[in-house]
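1. no sequence on this one, just coordinates:
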């Protein structure tokens, strides 16, 4: 449960929720990757050093590129950028170089945080420079959390680019307000708490990654990073879920279906799972999904919906006997402080059960 509240009564920014858990559980693991772990205090200290390095270079209130392979560096970079009052721009190493360069240009990024193995991948435009994370951290001694201008609900948190399936990818600029509301709601409606482990499955370029990270840290849990080779093997993923005692995972339906089908075929189940959150495409409760949840003692399946421009805005929980779940569940009801209406072409409410356009309101 999240107990932090900002002075104006709104949920605080997500990185401040991390700080609350850092103070109360400094030695607990925040990120697990292979055989190594990064504690809350250690992660927070590195993020503070990065924020000081950015502020010392006059970088605040602007987008900062984050370009790393999966591992601890992503957590340090995202937290440090937010602590500096900046917005992060996730850049996926799996994308073509030309697309990455276009995203850097379009976002107006002046600083690209990266690592040695990737520093030469992107042809940077004039006015943009690469900054190695290890150089930024080594340039600053341990320091207290940085002082930055007040971060309000309209302050930008990230710029995530769409897939570009309908043309040129477009950047979605997301402020802190709706993200803080989502994390506050997620913590209140999840059974995961202090010490519980959540799989870090999503690429940073997908908005679900923010939810994975900050709903976990806000509740005092630990992220379990799945490297790229593990993400490509359903058996390796199930093995990781079991060996790391992962309690919760967020993933699209196609991945859930694939894991369920593989588990059913080999008879090996992710036994520690108690909460599976799916979003990004229509959920279908297939025979394989039913078989999976029959094996998971009391686990809940959560169907969430929200376009990139708003992040999650509705949710539906499926509990009890999986054989009684509908084949195609609805997207559920609006989360806290969100309004959703089905309207006609003249923006008039439609009768229940009739088609229309979904219109969303609230801190989104």
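-> Perfect, I can see it now. These figures come from a predicted structure and were not determined experimentally.
2. kindly state the domain boundaries assigned to this protein.
-> 35-174, 226-335 (automatic domain parsing).
3. for the first one, give the mean pLDDT please.
-> Read that as domain 35-174. Here domain 35-174 scores 93 as its mean pLDDT.
4. tell me how far stretch 53-72 lies from the chain's centre.
-> Distance of stretch 53-72 from its chain centroid, counting by CA atoms, centre = their mean, to the nearest Å, is 17 Å.
5. re earlier: of all the domains of the chain, which lies closest to residue 189?
-> domain 226-335 (7.4 Å; CB to CB). For the C-beta atoms, the positions are set from N, CA and C on the backbone; glycine is no exception.
6. that older thread, dump the domains of the chain into JSON lines; add distance to residue 352 and mean neighbour count as well.
-> Converted to JSON lines, the domains of the chain look like this (distance: least, CB to CB, whole Å; neighbours: other CB atoms under 10 Å):
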{"stretch": "domain 35-174", "distance to residue 352": "31", "mean neighbour count": "18"}
{"stretch": "domain 226-335", "distance to residue 352": "12", "mean neighbour count": "18"}
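7. now those domains as JSON lines including distance to residue 23?
-> Converted to JSON lines, these look like this (distance: least, CB to CB, whole Å):
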{"stretch": "domain 35-174", "distance to residue 23": "9"}
{"stretch": "domain 226-335", "distance to residue 23": "23"}
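8. out of these, nearest to residue 27?
-> Going by CB to CB, the one of these nearest residue 27 is domain 35-174, 5.5 Å.
9. gap between the two ends of that closest one?
-> 34 Å (CA to CA, to the nearest Å).
10. do stretch 136-148 as well
-> 18 Å.
11. ditto for stretch 182-200
-> 18 Å.
12. how far does it sit from the chain's center?
-> With CA atoms, centre = their mean, you get 12 Å for stretch 182-200.
13. what about residue 357, neighbour count?
-> 11 (other CB atoms under 10 Å).
14. likewise residue 187?
-> 23.
15. mind checking the SS state of it?
-> Under the three-state scheme (DSSP: H, G, I helix; E, B strand; the rest coil), residue 187 adopts helix.
16. for residue 302, same thing?
-> Applying three-state DSSP: residue 302 is strand.
17. and it, bridged to which residues?
-> Listed beta-bridge partners, residue 302: residue 277, residue 317 (assigned using DSSP bridges).
18. contacting residues for it?
-> By CB atoms under 8 Å, 6 or more residues apart in numbering, the contact list for residue 302 reads 275, 276, 277, 278, 315, 316, 317, 318.
19. residues in contact with the second one?
-> What that stands for is residue 276. 248, 249, 251, 256, 299, 300, 301, 302.
20. show the pLDDT at the fourth one.
-> Model confidence at residue 256, given as pLDDT, is 98.
21. likewise the third one?
-> In the prediction, the pLDDT value recorded for residue 251 is 95.
22. again with the last one
-> Among the per-residue scores, residue 302 holds a pLDDT of 98.
23. separation between it and residue 228?
-> 26 Å (CB to CB, to the nearest Å).
24. now the phi/psi pair for residue 207, please.
-> Here is the backbone geometry of residue 207 (degrees, to the nearest 10): phi -60, psi -20.
25. between the domains of the chain, which gets nearest to residue 198?
-> Taking the domains of the chain one by one with CB to CB, domain 226-335 is closest: 4.5 Å.
26. and the end-to-end length of the closest one?
-> End to end - CA to CA - domain 226-335 spans 29 Å.
27. the strands in the stretch 51-200 of the chain, which residues?
-> 63-66, 87-90, 111-114, 129-132, 156-161, 171-175, 197-200 (DSSP state E, counting those that start in this stretch).
28. can you point out the buried residues in the last one?
-> Okay, so that is strand 197-200. 197, 198, 199, 200 (16 or more other CB atoms under 10 Å).
29. partner residues bridging the third one?
-> The residues listed as beta-bridge partners of residue 199 by DSSP bridges are residue 224.
30. what residues are up against it?
-> Residues near residue 199 by CB under 8 Å, 6+ apart: 212, 223, 224, 226, 240, 241, 246, 248, 249, 250, 251.
31. how about the fifth one, phi and psi?
-> Spelled out, it's residue 240. Note on residue 240: backbone dihedrals following degrees, to the nearest 10 are phi -70, psi -40.
32. for the stretch 51-200 of the chain, just list every one of the helices.
-> Remark: helices assigned in the stretch 51-200 of the chain by DSSP state H, counting those that start in this stretch are 72-83, 97-107, 133-138, 176-189.
33. dump these to TSV, plus distance to residue 66.
-> Below are the helices of the stretch 51-200 of the chain laid out as TSV (distance: least, CB to CB, whole Å):
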stretch	distance to residue 66
helix 72-83	5
helix 97-107	11
helix 133-138	9
helix 176-189	16
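34. and those: which comes nearest residue 20?
-> helix 176-189 (11.3 Å).
35. all set now, cheers.
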